[in-house]
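Asks: 3D model of this:
(one chain, ligands or ions: 1)
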Amino acid sequence: MEMKRLTERVYMTGHDHATDRPALGAIVGERATLIVDSGNSAAHARLFLEQLAAVPGAEPRYLALTHWHWDHVFGAAEMDLTTIAHPLTQQKLRQMQSYRWDDAALQERVQTGEEIAFCAENIIKEHPGALRESIAIRPADILYDGRLTVDLGGVTCEIFSLGGEHSADSTAVYCPQEQVLFLGDGMCQEMFEGPWSYDLPDYEARLQKIEGLPCKWYVNAHWDPQNADDFARAAAQMRALGKLVGAETDSVRVYAQYRRQYGAEPDEAAREILDSYLWGNRKRGRQPLR
Ligand SMILES: [Zn+2]
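Replies: Okay, the predicted model is just below:
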């Protein structure tokens, strides 16, 4: 993935679905650089640091973790920067320090629900051969609770809790001078309790925390960066489809309602959202009013 200059002082590399590498970011201040997420392996972290070394003035000093999921934290030991995380992220990192990553251990955690098959598969793909034995979990140095501002010189980063059903520790990093918001996976689905799902009130609560922030760019870790129009359109679709599904748990009724409302079949993206809301309702045992 090429290093991309998103704004004057914000750089990023894109996501890669091959082994579920997330987008990584860097905010380059006059005195210090803050990196957003460490990548899904030592190799991913090294690649990012090498690319960042070519950026004039980049002086990596801080690493902010958006949440504890493996693909965001496995590179932290390699980066070995002053690492900032939510207390709940730290709790999980401490827990993961005692984990083994061989096939049997991964399989066992998938069975108990501590891990999901999707992540286990990508951990294996990202760490071929003996590489898995070298996985090291590095805990954070600074725990923020609520909100923390880091002054990098000429530019600041506001690190704040987004929470939500994807991961309770979800953290966002906002750079007001550059109007860039790094969201990690903070706007994504719940993935650990069966089929991936959305809950509209949960999504709305997350949206409310970021809606007042002037933004040119929204960086979701596993999607392409969205400009303000793209983000607004995506959020409007999420709301509209969430309302369309309501408390319904029956996909036939929901798809029929979609056809009535939009006069067309839902495309793949819309189907994924509809199905996610349906699963959210089923998980919560909701009953539609008939
Ligand atoms: Zn995640």
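Asks: what about residue 161, how many neighbours?
Replies: 20 (other CB atoms under 10 Å). For the C-beta atoms, the positions are set from N, CA and C on the backbone; glycine is no exception.
Asks: Report the secondary structure state of residue 160.
Replies: Following DSSP: H, G, I helix; E, B strand; the rest coil, residue 160 is assigned to strand.
Asks: looking at it, it is touching residue 174, isn't it?
Replies: Yes: the pair residue 160 / residue 174 is scored as a contact, 7.1 Å apart, by CB atoms under 8 Å.
Asks: Which of these two has more residues huddled nearby?
Replies: Neighbour count, other CB under 10 Å: between residue 160 and residue 174, residue 174 has more, with 21 against 18.
Asks: Tell me what that one is bridged to.
Replies: residue 158, residue 181 (DSSP bridges).
Asks: Am I right that it is in contact with residue 180?
Replies: Yes: with contacts counted by CB under 8 Å, residue 174 reaches residue 180, the gap being 7.5 Å.
Asks: Domain map for this structure?
Replies: 3-227, 237-283 (automatic domain parsing).
Asks: Spell out which parts of the stretch 101-250 of the chain neighbour the ion.
Replies: residue 185 (CB under 5 Å from the ion).
Asks: give the contact list for the residue of the stretch 1-150 of the chain found nearest the ion.
Replies: Proximity of the stretch 1-150 of the chain to the ion (CB to the ion) peaks at residue 69, 3.5 Å away. Residue 69 is in contact with 119, 167, 185, counting by CB atoms under 8 Å, 6 or more residues apart in numbering.
Asks: now the strands for this protein?
Replies: With DSSP state E as the criterion, the chain has strands at 3-7, 10-13, 24-28, 33-36, 60-64, 82-85, 142-143, 147-151, 156-161, 171-175, 180-184, 217-220, 226-227.
Asks: Can you tell me what sits against the fourth one?
Replies: The list of residues contacting strand 33-36 from outside it, by CB under 8 Å, 6+ apart, reads 24-27, 48, 52, 58-64, 66, 79, 81, 150, 152, 157, 173, 182, 184, 219.
Asks: Flag the shaky bits of this structure, pLDDT-wise.
Replies: Of all residues in the chain, none has pLDDT under 70.
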